[in-house]
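sequence and predicted structure are below.
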Amino acid sequence: MAYDTDNIFAKILRGEIPSEKLYEDEDTYVFMDIMPRADGHCLVIPKTPCRNMLDATPAQLSACLNTVQKMGHAVMKAFDAEGVTVQQFNEAAGGQEVFHLHYHVLPRHEGVGLRPPGTMADFDVLKAQADKIRAALA
Ligand code: 5GP
């Protein structure tokens, strides 16, 4: 399947749609998920195009996973979490909804389940949570 340059994350990368940015380096960009399934739920994406893991290059995968590890530490510190869940979906049948490679990074606490998908965040709350993650990265 071809990469669609009009997918929402491509628009975020081009600055056409706002995002609550947490971190970026030469190869990756990280921002808050707009419908978080846990406090601190963020998304790591490569800056270059690919649909998902199936068409990604080794360099894209490696850059993303390095940033996923960095963000895992940051969200655990920011939310005093005991663990972190990383999710990554491939194609619609695999649960993917946005077709630009992304990794979900979710801080976790013992005995606390993920919230159901699809509820939009309060933007003030999202920004306050992003501030905590940015402070943990500093
Ligand atoms: P997936 O493709 O892995 O199923 O999930 C896509 C994720 O992107 C969802 O968790 C959804 O909440 C998030 N998402 C969808 N549209 C936007 C958006 O415009 N901005 C942000 N920050 N996240 C989005």
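It's in. Bear in mind the structure is a predicted one, so any value in this text is a computation, not a measurement.

what residues does the chain put near the ligand?
For the chain, the contact set with the ligand under Cβ under 6 Å from any ligand atom comprises 8, 17, 19, 31-35, 89, 95-98, 102. C-betas here are computed from N, CA, C, even on glycine.

F99 reaches Y3, doesn't it?
Yes: taking Cβ atoms under 8 Å as the definition, F99 is a contact partner of Y3 at 7.3 Å.

so what sits against both of the two?
Residues touching both F99 and Y3 (Cβ atoms under 8 Å, 6 or more residues apart in numbering): R51.

quick check, pLDDT for N90.
Note on N90: pLDDT of 98.

check which helix or strand Y23 maps to.
Using DSSP states H and E, Y23 falls within strand 21-24.

then A59?
Using DSSP H and E, A59 falls in helix 58-78.

most centrally placed residue in this protein?
What sits nearest the mean C-alpha location of the chain, by Cα atoms, centre = their mean, is L43, with 0.4 Å.

which of F99 and Y3 has more neighbours?
Using other Cβ atoms under 10 Å as the criterion, F99 and Y3 rank with F99 on top: 22 against 15.
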